[in-house]
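Engineer: Kindly return the folded structure for what I paste below:
(one chain, ligands or ions: 2)
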Amino acid sequence: MENFSFYAPTYFAFGKESENEVGKLVKRFGGTKVLIHYGGGSVVRSGLLDRVKKSLDEQEISYMELGGVKPNPRSGLVYEGIDICKDNAIDFILAVGGGSVIDSAKAIAAGAIYDGDFWDYYTGKRVNQALPIGTVLTIAAAGSEGSPDSVITNEDGMYKRGSSGEGLRPKFSVLNPELTQTLPAYQSAAGITDIMAHLMERYMTNTTDVEVTDRMIEGLLKTMIHEGPKVIENPNNYQARANIMWAGMMAHNNSCGVGRSQDWASHDIEHELSATYDVTHGAGLAVVMPQVMRYNMNHDLMRFVQLAHRVWNVEIDFTDLETTANKGIDAFQQYLASIGMPTTFAQIGAKEEDIPAMAHSACYGNKRTGTIGGFVSLNEEDVINIYKM
Ligand code: NZQ
Ligand code: ZN
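Structural biologist: Numbers count the residues shown, from 1 in each chain. Ligands and ions are numbered 1, 2, ... in the order given. Next up, the predicted model:
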C-alpha cells in the first residue's frame, strides 16, 4: 500500500424524510442566502423542491432558484449561476437532484469566488476554495454527493472534462433512498453501472498488497450484483434502494481507493461518447468498460482472475487463466445486459466514422498530454482499437 492522506468531511443525513433537515443543515454550515440549483423538473413534479423550500423557510433562510441543469451538464448554465451568485451575494449553493445538478452546483461554487474563467478548473487548476455546497440526492450513481469532483461539458468544443479539489466536497449531503423510487428503470440501471465502474476503476491498480481496499471493493461490487436487479424489478424496494444509495457514496468518496494507483481510462473513453452523442454516462460505461478490461487483461492476468473468482464466482482453471479472466468479464457484461444496459456501439447510436476524432480528443483534446489510464497507459491508437471493439 502507498502512503496517503484522507480527509472526507461531508456530513450525511441518511433515511426517510431526511430532506426535512435541509434548513437546519444549511444554517449549521453558515448559509444565509442560498442558490437552489436543480435539473429538468423531476424535483418539481415529485414535490421535493417544495419540501426543501419549506425547510429553508422554517429557518428563515432566503434563497434564489436556478433550474434547468441537463444530464451531462453544460458550461452555459454554470456561467449564468456564477453571475447570479456574484450579483446577489449568495453564500451557499444547494444542489437538489442527481450528479449532473451537483456537478453544475460545484462548478458554480468554484466560479463564484474566482476572478478568472471557471473552466480553468477543468483544465488542471485545483479547486482549493469554493462557496459551501449542500446536496439533496435523487439518484444513486455518480457519487458526487461525497466526492471532491465535478464533470462539466464545455459547449465551446463539446469537451467533457473533470475538476477536483477539496473545495468541491459537499459540506452535507441528504440521502433519502425513497427519493430514488421515482427513477425510470433505465436511469436506475445506468446509476448501478456507474457505481460499479467507480469500483472497477479503483480495482484496476498496479499497487500490490492492497488487501483491505481490494476486499472493500469486492464487497461493494457483490452488493451491487445482489441489490441491482431488485430495484429494476420493483422500483419501490426501499431496502434495496438504501443499500445501493450508500454503496454509491462509498464507491466514490475514495475510502476504497486510497493507497493504491487507479485507472480511469474507461471514464475518459466514455466521456467522449457523452460529449459526442449525449449518451447517459452509465450506459456509455456499460459499452466501454468490458472492452477496456479485455484490452488490458494481459497486463496483470491474475488481477482479472481474482476479480472473476471472488466477485463473479468463476472457478479458477489454473491451466487456462485467460479463459478464467474472460469468464469474469463475460459475467459482468451479461449482468449489465440483464439490467437493461446497452453493450454495443450501435445501441447507443455511436458511429464508426467518429472514432478517430473521439480517440484524438480523449488523448490530446483540451490540454491532455497524449495518454490516458493509470493501470495501462493507453495512446491514441489503443483508444481507437478499444472503440472498434
Ligand atoms: O433533470 P431531472 O428532471 O431531475 O431528471 C434527471 C435526469 O434526466 C433524472 N432523475 C434524477 N433523479 C430522479 C430523476 N428522475 C426521476 N426521479 C428521480 N428521483 O435522471 C436523469 C439523470 O440525472 P443525472 O443527474 O444526469 O444522473 P447522474 O447522477 O448519473 O449524473 C451523471 C453525471 O455525473 C457525472 C457524469 O459524467 C454525468 O455528467 N459524473 C460525476 C462524477 C463526480 N462528480 O464525482 C463522477 C462520475 O464518474 C460521473 O462522471
Ligand atoms: Zn462515473
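Engineer: if I pick Met289, what's in contact with it?
Structural biologist: With contact set as CB atoms under 8 Å, 6 or more residues apart in numbering, Met289 has these partners: Ala197, Met200, Ser266, Glu270, Phe332. (C-beta placed from N, C-alpha, C; glycine too.)
Engineer: phi, psi of the first one?
Structural biologist: Read that as Ala197. phi -60, psi -40 (degrees, to the nearest 10).
Engineer: Export the contacts of Met289 as JSON lines, with columns for neighbour count, pLDDT and secondary structure.
Structural biologist: Compiled in JSON lines, those are given as follows (neighbours: other CB atoms under 10 Å; pLDDT from 0 to 100; DSSP: H, G, I helix; E, B strand; the rest coil):
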{"residue": "Ala197", "neighbour count": "24", "pLDDT": "98", "secondary structure": "helix"}
{"residue": "Met200", "neighbour count": "23", "pLDDT": "98", "secondary structure": "helix"}
{"residue": "Ser266", "neighbour count": "26", "pLDDT": "98", "secondary structure": "helix"}
{"residue": "Glu270", "neighbour count": "25", "pLDDT": "96", "secondary structure": "helix"}
{"residue": "Phe332", "neighbour count": "22", "pLDDT": "98", "secondary structure": "helix"}
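Engineer: Which member of those residues is positioned nearest ligand 1?
Structural biologist: Using CB to the nearest ligand atom, the shortest approach to ligand 1 within the contacts of Met289 belongs to Ala197, at 6.9 Å.
Engineer: Could you list the low-pLDDT ranges of the stretch 51-200 of the chain?
Structural biologist: Along the stretch 51-200 of the chain, no part satisfies pLDDT under 70.
Engineer: And the helices in it?
Structural biologist: Taking DSSP state H, counting those that start in this stretch as the criterion, the stretch 51-200 of the chain contains helices spanning 75-88, 99-111, 185-203.
Engineer: any idea which of the ones you listed is most buried?
Structural biologist: Each of these was given a mean neighbour count from mean count of other CB atoms under 10 Å, and the largest, a mean of 30, is that of helix 99-111.
Engineer: Return the distance of that one from the chain's centre.
Structural biologist: Between the centre of helix 99-111 and the centre of its host chain there is 13 Å, according to CA atoms, centre = their mean, to the nearest Å.
Engineer: next one: stretch 54-71
Structural biologist: Between the centre of stretch 54-71 and the centre of its chain there are 23 Å (CA atoms, centre = their mean).
Engineer: what distance separates the start and the end of it?
Structural biologist: Using CA to CA, to the nearest Å, one end of stretch 54-71 lies 26 Å from the other.
Engineer: Save the helices of the stretch 51-200 of the chain as JSON lines, and put in distance to Ser377 too.
Structural biologist: Rendered in JSON lines, the data for the helices of the stretch 51-200 of the chain read as follows (distance: least, CB to CB, whole Å):
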{"stretch": "helix 75-88", "distance to Ser377": "29"}
{"stretch": "helix 99-111", "distance to Ser377": "27"}
{"stretch": "helix 185-203", "distance to Ser377": "15"}
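Engineer: wait, which of these is closest to ligand 1?
Structural biologist: Distance to ligand 1, taken as CB to the nearest ligand atom, is lowest for helix 99-111 among the helices of the stretch 51-200 of the chain, at 2.6 Å.
Engineer: Against which helices or strands is that closest one packed?
Structural biologist: Contact analysis of helix 99-111 by 3 or more CB pairs under 8 Å, 6 or more residues apart in numbering; DSSP states H and E lists strand 33-38, helix 75-88, strand 92-97, strand 133-137, strand 149-154, strand 159-164 as its packing neighbours.
Engineer: Same list (these) but as a markdown table, adding distance to ligand 1.
Structural biologist: A markdown table is the format used below for those (distance: least, CB to the nearest ligand atom, whole Å):
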| stretch | distance to ligand 1 |
| --- | --- |
| strand 33-38 | 7 |
| helix 75-88 | 12 |
| strand 92-97 | 5 |
| strand 133-137 | 8 |
| strand 149-154 | 4 |
| strand 159-164 | 7 |
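Engineer: So Met158 sits against Tyr277, correct?
Structural biologist: No. Taking contact to mean CB atoms under 8 Å, the distance of 10.4 Å between Met158 and Tyr277 leaves them out of contact.
Engineer: Quick check: residues of the protein near ligand 1?
Structural biologist: Listed as neighbours of ligand 1 in the chain under the rule CB under 6 Å from any ligand atom: 39-43, 71-73, 97-101, 103, 138-139, 141-144, 147, 149-151, 179-180, 182-183, 187, 191, 194, 252, 267, 281.
Engineer: Buried among the residues you listed? Make that a ChimeraX selection.
Structural biologist: In ChimeraX, a selection of the buried entries from the residues of the chain next to ligand 1 looks like this (16 or more other CB atoms under 10 Å):
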select :39,42,43,71,72,73,97,98,99,100,101,103,138,139,141,142,143,144,147,149,150,151,179,180,182,183,187,191,194,252,267,281
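Engineer: circling back to that earlier point, out of the contacts of Met289, flag the one nearest to Tyr114.
Structural biologist: The closest of the contacts of Met289 to Tyr114 turns out to be Glu270 (CB to CB; 28.1 Å).
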